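J.: okay, predicted coordinates and the sequence, questions at the end:
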Amino acid sequence: MRKKGQITLFVIIGIVILIAAGAFFTLRSISSESSDGTINSIAETPVEFQPINDFIESCIAKTSKEGIQQLGLHGGYIDLNKYGIQPESTNPTEGRAFLFNPVDTKGGIVYWNYFKSNNLCQANCECGSEKPYLYKKEGSPNLETQLEDYIDENLEICLQEFKAFESQGFIIDTPNPVISQVNIRNDDVLIYVNYRVEVEKDRSDYTIEEFLKSSPVQLRKMYIMAEEITQRELNYSYLEKWTIEQISGFGLGLDHNKIPPIAASELSPGEAPVYWIKKKVEQDIMNNMLPQYTPFLTVYDSANYKSNLYGTFYERATIPLQNPNSEYYGDMDVDFTYFNWWPVHFDLTGRGVSGERIGPETASSSYLSFIGIKRYNFYYDLSYPVLVDIYDSEAFNQEGFHFYVGLETNVRNNKALNCSGAGITQYSSPSGSLFCNQNQGCSEIEIETIDAKTQEPLENVAIYYSSGSESCNKGFTELDVNKASLKAKLPQCVGEACSLNAI
């Protein structure tokens with residue numbers, strides 16, 4: 001009797017286990033949801049209906065991936081027209097977005113920072129941003145809601161009314177529309193879809209209503225990184241400072257094959273002035289300077305940051321991020337790009353500019369006290385789009401993912417444009433400074449003058465030291481034994497903006 005009782009007990013236990021296992025594979029349990037609204041898990045699907053479930057999940061993965069890629073290509077937007085944003089092609093710095101490719105009208109990239117007023121604005125000007133929010137709880141537009149709408153509108157296109165399953169004997173009905181919920185998490189994007197699918201086959205029927213899929217892309221990190229890159233530009237105007245530095249470099253030396261210098265002077269009575277054509281200068285900036293030197297900009301400690309390239313040039317091109325959350329950006333490439341098919345807003349002013357012709361001030365100006373000096377003082381206005389490309393090579397299982405952001409560079413009168421003040425200010429007349437003050441000389445230089453033909457000492461030569469709009473008479477060389485020389489204290493000067501002239 002004891003043995004029979006034990007056998008009966010084991011039979012009962014076995015039946016309970018079978019019932020429990022059957023219930024696990026045939027019943028849909030209630031989905032669990034965390035306090036922040038994130039769906040964590042859903043129940044399993046019976047084996048005979050698993051192909052339907054797998055097919056729907058594959059379409060969720062495909063559709064959500066397409067939506068995420070569109071978000072990345074347009075600066076956080078899937079459909080710019082939905083938010084009234086029309087990308088500009090002929091005047092990319094006069095709109096809220098610009099076209100990546102002028103012939104692709106759907107390839108717009110929004111500006112996360114741009115000069116909102118007209119490029120010729122002179123008063124009450126302002127800047128703007130079309131940066132969307134990341135989460136639904138922050139406001140609209142946001143990335144989560146846009147992706148939900150995209151999945152709701154496009155999932156059934158991928159499903160194609162389940163025609164692939166008709167030949168297998170499945171009868172499928174979908175009485176309700178797709179309702180999705182997107183949660184952008186730290187390292188992925190979680191997509192929960194509520195979609196009632198009623199399936200019948202071989203006198204068996206089953207209803208599937210919930211689907212859960214994770215998209216392997218660090219969208220949150222890329223968004224935050226783009227946000228910090230934009231904030232650095234707002235705080236420090238690194239795009240404008242880099243542009244001004246390149247204008248100065250491309251303008252070194254008085255040469256019509258280069259661009260006009262920001263400031264230079266020349267004391268050469270017998271030599272003809274150097275002239276430029278404004279349109280040619282603009283084309284030189286678009287085709288040479290910007291495409292070549294914009295890519296030198298780099299983000300410190302990003303994946304493609306070249307830490308072995310030391311030196312002041314590369315240091316000035318490096319952007320350190322504040323990174324308050326101590327994010328690791330070593331797995332992200334960041335590139336800054338300007339393409340020469342993006343038209344720029346360009347103007348160049350100065351006293352030597354007349355229409356398209358650019359030249360120096362000459363001795364005919366009333367305030368010049370001696371003959372033969374030529375002053376080249378020019379003021380650049382330049383606006384152009386910069387594409388910031390953040391790339392994660394590991395996203396979507398090593399397929400890679402790009403997140404684009406547009407930033408607009410705005411230089412006015414050789415300075416970074418200040419959105420809180422006037423957009424354009426007129427250049428002022430040259431005024432005195434400490435340049436000619438003897439106490440400002442940081443070193444004593446001996447200048448010797450020799451006759452070029454006879455190689456004999458040449459005395460009574462007037463020495464002028466010039467920079468931009470100012471020239472200083474340092475005195476005359478005097479004969480002492482077998483050389484004619486002058487000792488003078490001169491302030492430091494960078495590049496070729498300063499000149500030493502003798503008469």
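T.: Looks like it arrived, so ask away.
J.: is Pro360 in contact with Tyr376, as I believe?
T.: Yes. In this structure, Pro360 is within contact of Tyr376 by CB atoms under 8 Å, at 4.6 Å. Placement of C-beta: from N, CA and C, glycine included.
J.: now do the shared contacts for those two.
T.: Shared contacts of Pro360 and Tyr376 (CB atoms under 8 Å, 6 or more residues apart in numbering): 266, 274, 352.
J.: what distance do you get for the first one to Leu490?
T.: Here the criterion is CB to CB, to the nearest Å. By it, Glu266 lies 17 Å from Leu490.
J.: same deal with the last one?
T.: In this structure, Gly352 and Leu490 are 26 Å apart, going by CB to CB.
J.: those two: which has the busier surroundings?
T.: The neighbour count for Gly352 versus Leu490, taken as other CB atoms under 10 Å, is higher for Gly352 (22 against 19).
J.: what sits against that one?
T.: Gly352 touches 358-362, 375-378, counting by CB under 8 Å, 6+ apart.
J.: what do you get for Tyr384?
T.: Counted by CB under 8 Å, 6+ apart, Tyr384 has contacts 92-93, 290, 338, 342, 344-345, 408-409.
J.: again, only this time at 7 Å
T.: Listed by CB atoms under 7 Å, 6 or more residues apart in numbering, the contact set of Tyr384 reads 93, 290, 338, 342, 344, 409.
J.: by neighbours, which of these wins?
T.: Going by other CB under 10 Å, Thr409 tops the contacts of Tyr384 with 27 neighbours.
J.: which is the succeeding secondary structure element to the helix or strand harbouring it?
T.: Using DSSP states H and E, Thr409 falls within strand 401-412. Note on strand 401-412: by DSSP H and E, the next helix or strand toward the C-terminus is strand 415-416.
J.: which strands border that next one, and is each parallel or antiparallel?
T.: strand 401-412 (antiparallel) (DSSP bridges).
J.: the most centrally placed residue in the chain sits in which helix or strand?
T.: Centroid-nearest residue in the chain: Val388, 2.7 Å away (criterion: CA atoms, centre = their mean). Here Val388, judged by DSSP H and E, is contained in strand 379-392.
J.: that strand vs strand 401-412, what angle?
T.: Strand 379-392 and strand 401-412 are oriented at 170 degrees to each other (axes from the mean of the first three to the mean of the last three CA atoms, to 10 degrees).
J.: quick check: what element follows strand 379-392 along the chain?
T.: Past strand 379-392, the next helix or strand by DSSP H and E is helix 395-398.
J.: and that following helix, how far out from the chain's middle?
T.: Offset of helix 395-398 from its chain centre (CA atoms, centre = their mean, to the nearest Å): 23 Å.
J.: for it, which residues meet the burial criterion?
T.: Ala395 (16 or more other CB atoms under 10 Å).
J.: list the strands paired with the strand holding Val388, with their directions.
T.: Here, using DSSP bridges, strand 379-392 pairs with strand 333-337 (antiparallel), strand 345-349 (antiparallel), strand 401-412 (antiparallel).
J.: please work out the average pLDDT along it.
T.: Strand 379-392 carries an average pLDDT of 97.
J.: CA atoms only: put it into CSV for me.
T.: C-alpha atoms of strand 379-392 as CSV (Å, rounded to 0.1, in the frame of the first residue of the first chain):
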residue,chain,number,x,y,z
TYR,A,379,36.9,92.4,-43.6
TYR,A,380,35.4,88.9,-44.3
ASP,A,381,31.8,87.9,-44.0
LEU,A,382,31.4,84.2,-44.4
SER,A,383,28.6,81.7,-43.6
TYR,A,384,28.6,78.1,-44.5
PRO,A,385,27.1,74.7,-43.3
VAL,A,386,29.2,72.1,-41.6
LEU,A,387,28.1,68.5,-41.4
VAL,A,388,29.0,66.7,-38.1
ASP,A,389,29.0,63.0,-38.7
ILE,A,390,28.9,60.7,-35.6
TYR,A,391,29.5,57.1,-36.6
ASP,A,392,29.1,53.9,-34.6
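J.: for it, the distance to its chain's centre please.
T.: Using CA atoms, centre = their mean, the offset of strand 379-392 from its chain centre is 6 Å.
J.: bridging residues for Phe211?
T.: Val193.
J.: swap in Tyr379?
T.: According to DSSP bridges, beta-bridge pairing links Tyr379 with Thr349.
J.: and for it, the neighbour number?
T.: The tally of other residues near Tyr379 (other CB under 10 Å) stands at 20.
J.: got it, and Val189?
T.: So Val189, with other CB under 10 Å, has 24 neighbours.
J.: can you give me the pLDDT of the residue lying closest to it once chain neighbours are set aside?
T.: With CB to CB, 6 or more residues apart in numbering as the criterion, Val189 has its nearest non-adjacent residue at 4.2 Å, and that residue is Ser215. Per-residue confidence (pLDDT) for Ser215: 97.
J.: go on, Glu44?
T.: pLDDT, Glu44: 74.
J.: now it, what's its secondary structure?
T.: Secondary structure assignment for Glu44 (DSSP: H, G, I helix; E, B strand; the rest coil): coil.
J.: gap between it and Glu210?
T.: For Glu44 relative to Glu210 (CB to CB), the value is 11 Å.
J.: go on, Ser64?
T.: 16 Å.
J.: which of these two has more neighbours?
T.: With neighbours defined as other CB under 10 Å, Ser64 and Glu210 compare such that Ser64 has more, 26 against 19.
J.: isn't that one right up against Asp149?
T.: No. Using CB atoms under 7 Å, Ser64 is not in contact with Asp149, being 11.8 Å away.
J.: coming back round to it: so which of the shared contacts of Pro360 and Tyr376 are in strands?
T.: Glu266 (DSSP state E).
J.: export the shared contacts of Pro360 and Tyr376 to TSV and tack on distance to Glu48 and pLDDT?
T.: As requested, those are exported to TSV (distance: CB to CB, whole Å; pLDDT from 0 to 100):
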residue	distance to Glu48	pLDDT
Glu266	89	80
Val274	85	91
Gly352	85	88
